[in-house]
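S.K.: sequence unavailable; structure follows:
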């Protein structure tokens, strides 16, 4: 949480604020994917309306081993196109460790037409 709060507003796709979530004063908006249990792209689509008019956004998996390093690397990366993602040690792109232009992400969701059970790689393929 601290890693993300150093950047901007935080939207967590997890439903209502869990009782175990730390109350450290960080402003966090919680949303649930629509349809419920619709998968990660449904979660991304649910979060987009809460992001205002930011130029770019971070998509980060909730189980990243070192989120502060991910944020630092993504902040340092040049965002020359629609987005930038980190690769794992095997050279595989990790789209949920990425920074994207918000307008491009919104357009990609609109192009899909539906978001239930869609893979993140499918959503981002056009970027």
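M.R.: The structure has been received and is ready for your questions. Owing to the predicted nature of the structure, the values given are computational and were not obtained by experimental measurement.
S.K.: so the residue positioned nearest the centre of the chain bridges to which residues?
M.R.: For the chain, the residue nearest the mean C-alpha position is residue 59 (2.1 Å; Cα atoms, centre = their mean). According to DSSP bridges, the partner residues bridging residue 59 are residue 98.
S.K.: is it in contact with residue 45, as I believe?
M.R.: No. Applying Cβ atoms under 8 Å as the test, residue 59 and residue 45 come out as separate, 11.9 Å apart. For the C-beta atoms, the positions are set from N, CA and C on the backbone; glycine is no exception.
S.K.: residue 97 - how many residues pack around it?
M.R.: A total of 22 residues lie near residue 97 under the criterion other Cβ atoms under 10 Å.
S.K.: could you pull out the strands for this structure?
M.R.: Residue ranges of the strands in the chain, as given by DSSP state E, are 10-13, 28-31, 56-60, 83-87, 93-101.
S.K.: out of those, the one nearest residue 19 is which?
M.R.: Of all the strands of the chain, strand 28-31 sits nearest to residue 19, with 12.0 Å by Cβ to Cβ.
S.K.: other SSEs contacting the closest one?
M.R.: Counting contacts by 3 or more Cβ pairs under 8 Å, 6 or more residues apart in numbering; DSSP states H and E, strand 28-31 packs against strand 10-13, helix 40-47.
S.K.: residues in contact with the first one?
M.R.: When you say that, I think you mean strand 10-13. Judged by Cβ atoms under 8 Å, 6 or more residues apart in numbering, the contacts made with strand 10-13 from elsewhere in the structure are 1, 4, 26-33, 43-44, 46-47, 50-51, 62.
S.K.: what strands line up against that strand, and which way round?
M.R.: Taking DSSP bridges as the criterion, strand 10-13 sits next to strand 28-31 (parallel) in its sheet.
S.K.: in this structure, where is pLDDT below threshold?
M.R.: Under the criterion of pLDDT under 70, the regions of the chain flagged as low confidence span 1-8.
S.K.: go again using 80 as the cut-off
M.R.: Counting by pLDDT under 80, the chain shows low-confidence ranges at 1-10, 12, 14-27.
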